[in-house]
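In: Make a model of this:
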Amino acid sequence: EVKLVESGGGLVQAGGSLRLSCAASGFSWDDFAIGWFRQDPGKEREGIYCIYSDGSTNSADSVKGRFTISSDSAKSTVYLQMNSLKPEDSGVYYCAAVYSGCIPGWVRALEARGQGTVVTVSS
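Out: Prediction:
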């Protein structure tokens, strides 16, 4: 069973940083890419960052230069480092197993997702 568990959300002031973690289990690291997306109630998913085992990544234009993604295969964990946070970065962040790899539109190709972690950036 594919299982993903997010942690690391919280409240931070604008300009601050957070690191989200996604602990993955139940599948081989090569089977799926791991993506982070944000989804607010009543809105579509917004893909934030994706990483595959070959090192390829895909990021949203809105986070380029501020967010980075990394993975630790030994710990089966993917990290999303978020710097220079803005109030518009607030929302519920989910990590997901992505069966398409990190191609454009990957956010529509989810095998499974976690329960989400809330990020709130105050102005």
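
In: Strands along this structure, start to end?
Out: For the chain, the strands defined by DSSP state E occupy 3-7, 10-13, 18-25, 33-38, 46-51, 57-59, 67-72, 77-82, 91-98, 110-113, 117-122.

In: if I look at the residue nearest to Tyr99 when sequence neighbours are not counted, how far off is Glu1?
Out: Setting aside the residues directly before and after it, Tyr99 is nearest to Glu111 in space (CB to CB, 6 or more residues apart in numbering), at 4.8 Å. C-betas here are computed from N, CA, C, even on glycine. Glu111 sits 11 Å away from Glu1, going by CB to CB, to the nearest Å.

In: re the thing from before, doesn't Ala96 make contact with the residue nearest to Tyr99?
Out: Yes. If you go by CB atoms under 8 Å, Glu111 and Ala96 touch, sitting 7.4 Å apart.

In: More neighbours: which of these two?
Out: Ala96 (27 against 15; other CB atoms under 10 Å).
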